[in-house]
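Peer 1: Need a 3D model of the following:
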Amino acid sequence: MRTSPRQMQGLALYALGVCAFATMDAFAKYLSGSYPVAEIILIRALFGYLPILVQYRMGEVRGMQAVRSSKPLLQLLRGGLVLAAGATFFLSLSGLSLADATAISLAAPVFMALFGITVLREPAGRETYVAIAVALAGGLLIVRPTDGLNVCAAIAVLSALFYALGVVATRRAGQADPPIVTAIWGNTVMVVASAAWVLHSGWVWPTADD
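Peer 2: Numbering: from 1, shown residues only. As a prediction, the model looks like this:
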């Protein structure tokens, strides 16, 4: 089966997104020792409007159509799941190396596959179940549950679960709203929630280097 130009574009954009997430996680690990998690998330969300603006300029949806959702509760749920995934991952970095936290977060595709089969009713062959079993075994090697409960590792697993649920919600939202609507709603939920969290946890003015 030949890969279409649109599929190649999708693969390239996904690879770019993965690189962006990896860079963001590295910065978050570096900053997590000096700043509250809520502040890191808030600044991340504020800067998140920049690529959304580019997405808006390049798209065809304009005006209120870019913010009006036919499934507002679903969009709020998705935004909350994305926020929870980011917050728990950043929290896990306080006690885990970036390599361990990232390796554990790779359980997210396993959860996504399971949710795809059970929730979205997507077809799956034997190879899919074998891949899920191998991935789960690899995750257990990293978490090492026999060594006792590692709270930060458990938080990283929870982050992977939230992320997978967020992907399922994204899939559902994408069936109802244009991508720009999902992007704006999700980022706005993150801004509002993290700003309220900052009011509780406090604000630390970043240094020039940071």
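
Peer 1: low pLDDT regions in the chain?
Peer 2: Within the chain, the ranges that satisfy pLDDT under 70 run 1, 120, 139-140, 142-149.

Peer 1: remind me, longest helix of it?
Peer 2: In the chain, assigned by DSSP state H, the helix with the most residues is helix 5-31.

Peer 1: For the helix or strand following that helix, buried residues please.
Peer 2: Remark: after helix 5-31, the chain's next helix or strand is helix 37-58, criterion DSSP states H and E. Neighbour-count burial for helix 37-58 flags 37-42, 44-45, 48, 52, 56 (criterion: 16 or more other C-beta atoms under 10 Å). Bear in mind the C-beta positions are built from the backbone N, C-alpha and C, glycine included.

Peer 1: Between the residues you listed, which sits nearest residue 204?
Peer 2: residue 39 (6.4 Å; C-beta to C-beta).

Peer 1: now the buried residues of helix 37-58 as TSV including distance to residue 16?
Peer 2: Converted to TSV, those look like this (distance: C-beta to C-beta, whole Å):
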residue	distance to residue 16
37	26
38	27
39	26
40	22
41	22
42	24
44	17
45	19
48	15
52	15
56	18
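
Peer 1: From the residues you listed, pick the one nearest residue 200.
Peer 2: residue 38 (7.6 Å).

Peer 1: didn't the closest one look like it was pressed against residue 198?
Peer 2: Yes - using C-beta atoms under 8 Å, residue 38 is in contact with residue 198, at 4.7 Å.
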